[in-house]
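> quick one: sequence plus predicted model below, questions after.
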Amino acid sequence: MSGSESTGKELKSSIQDYLAYIQSEKNYSAHTFAAYKKDLFSLADFLKSEQEEKIAPDLIRRKDIQNYLIHLSQKGFDPASIQRKLSTLRSFFKYLQRRLKVKTNPASSLEAPKRKKRLPRALSWPQIKSLLEPSLYQKEKEGLRDRAILELLYNTGLRLAEISSLKRGDIDFQAGEIKVLGKGNKERIVPLGENGSKILNKYLDSKNPEGDLVFSNKYGKALSRRGITRVVKKYGAKVIEEKKFSPHVLRHSFATHLLDEGANLLAVKEMLGHEKLSTTQIYTHLSLNRLKEVYKKAHPRAE
């Protein structure tokens, strides 16, 4: 066995140890775990191809990580993806530091390319009404289920994963609310609304009572995020002229319309399950842009 093969195995062994650690100690979703795994082995593959003798964790330097980030940028990765990968590397080397496998964290002082601030896209109320028009779903085999999914996305602002894992026991029709287990296993209560409650109740009454999942596939397992996305895009294509229409647009619309109508920012933050208020504040910018448009059209001295 050559020296490079030995050191390569040492890095991959450290990665496997770290993955086992986060799987047992952290409440990461399967999606997040898969992303961490992909990011770390991507670094290992880069170092193996670029510097055969710098594969052992304690031989990896700041410059090596910097070269890796440059490589990602040249490969066309966007700033958000590179930032995520750098965050993964910081966590990995921090773990190795605590276990005395490395002396310093080579990723700690590096910065990823600046992320472009993008305002979330939201639908107008007429577009929402077209999308939720009952006749749109009547001729579809799973029309009642599909309508319940889109109503729930817009009425509650739930994330895809939260819709996918939703159970009957999480819904309190009498109180008109849903108990949601969000990111980091944090629980929150979200209002369901009279219309959303009515449609969801009707769908559940028509559904085979076996199993506790609200939305399931033909095998009785949770309808996947990909499956939910397909449903949303299917109906979006019928009425919305948006190339990148997705379930997240309905979450954005939920938040934006609440703020447009004067909802408290902190209340919207709680309903969305955001950890930081700054994450929710981006919707205020979108609402402000709409206010400016209204002002420009309506005020006699606007121009």
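Structure's in. What do you need?
> show the contacting residues for residue 16.
Contacts for residue 16 (CB atoms under 8 Å, 6 or more residues apart in numbering) come out as none. The way it works is simple: take the backbone N, C-alpha and C, and place the C-beta from them, glycine included.
> quickly find the element holding it.
helix 3-25 (DSSP states H and E).
> and that helix, average pLDDT?
The pLDDT scores in helix 3-25 average 77.
> which strands or helices does the next helix or strand after that helix pack on?
Counting by DSSP H and E, the next helix or strand C-terminal to helix 3-25 is helix 30-50. Helix 30-50 sits against helix 3-25, helix 62-74, helix 79-98, with contacts defined as 3 or more CB pairs under 8 Å, 6 or more residues apart in numbering; DSSP states H and E.
> any idea of the angle helix 30-50 forms with helix 79-98?
Per axes from the mean of the first three to the mean of the last three CA atoms, to 10 degrees, the angle that helix 30-50 makes with helix 79-98 is 80 degrees.
> next one: helix 30-50 to chain centre, how far?
Centroid displacement of helix 30-50 relative to its chain, using CA atoms, centre = their mean, to the nearest Å, is 20 Å.
> the nearest residue to residue 242 once chain neighbours are set aside: how many residues sit nearby?
Excluding its sequence neighbours, the residue lying closest to residue 242 (CB to CB, 6 or more residues apart in numbering) is residue 236, at 6.7 Å. If you count neighbours by other CB atoms under 10 Å, residue 236 ends up with 21.
> now residue 236: how far from residue 247?
Distance of residue 236 to residue 247, computed by CB to CB, to the nearest Å: 9 Å.
> contact partners for the residue nearest to residue 242?
Residue 236 neighbours (CB under 8 Å, 6+ apart): 131, 242, 245.
> could you single out the nearest of these to residue 224?
Using CB to CB, residue 245 is the member of the contacts of residue 236 that lies nearest residue 224, at 18.5 Å.
> roughly how far apart are the nearest residue to the closest one once chain neighbours are set aside and residue 161?
Nearest non-adjacent residue to residue 245, counting by CB to CB, 6+ apart: residue 236, 3.9 Å away. Distance of residue 236 to residue 161, computed by CB to CB: 20 Å.
> which SSE is the nearest residue to residue 202 once chain neighbours are set aside in?
Among residues not flanking residue 202 along the chain, residue 144 sits closest, at 6.8 Å (CB to CB, 6+ apart). Residue 144 is part of helix 143-156 when elements are defined by DSSP H and E.
> quick one: the helix or strand just after that helix to chain centroid distance?
The C-terminal neighbour of helix 143-156 among helices and strands, as given by DSSP H and E, is helix 160-164. Here the centre of helix 160-164 is set off from its chain's centre by 10 Å, with CA atoms, centre = their mean.
> distance between the following helix or strand past helix 160-164 and the chain's centre?
The C-terminal neighbour of helix 160-164 among helices and strands, as given by DSSP H and E, is strand 171-172. Relative to the mean C-alpha coordinate of its chain, strand 171-172 is positioned 24 Å out (CA atoms, centre = their mean).
> packing partners of strand 171-172?
By 3+ CB pairs under 8 Å, 6+ apart, strand 171-172 packs against strand 177-181.
> the strand it packs on pairs with which strands?
strand 171-172 (antiparallel), strand 187-191 (antiparallel) (DSSP bridges).
> any residues touching it, and which ones?
By CB under 8 Å, 6+ apart, the residues outside strand 177-181 that reach it are 156, 158, 162, 165-166, 170-172, 187-192, 273.
> re earlier: quick one: list the elements packing against the helix holding residue 144.
On a contact count with 3+ CB pairs under 8 Å, 6+ apart, helix 143-156 meets helix 125-131, helix 160-164, helix 194-206, helix 225-239, helix 247-260.
> now tabulate those in CSV and tack on distance to residue 269 and mean pLDDT.
Converted to CSV, the helices and strands packed on helix 143-156 look like this (distance: least, CB to CB, whole Å; pLDDT from 0 to 100):
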stretch, distance to residue 269, mean pLDDT
helix 125-131, 22, 92
helix 160-164, 16, 92
helix 194-206, 20, 88
helix 225-239, 23, 92
helix 247-260, 9, 89
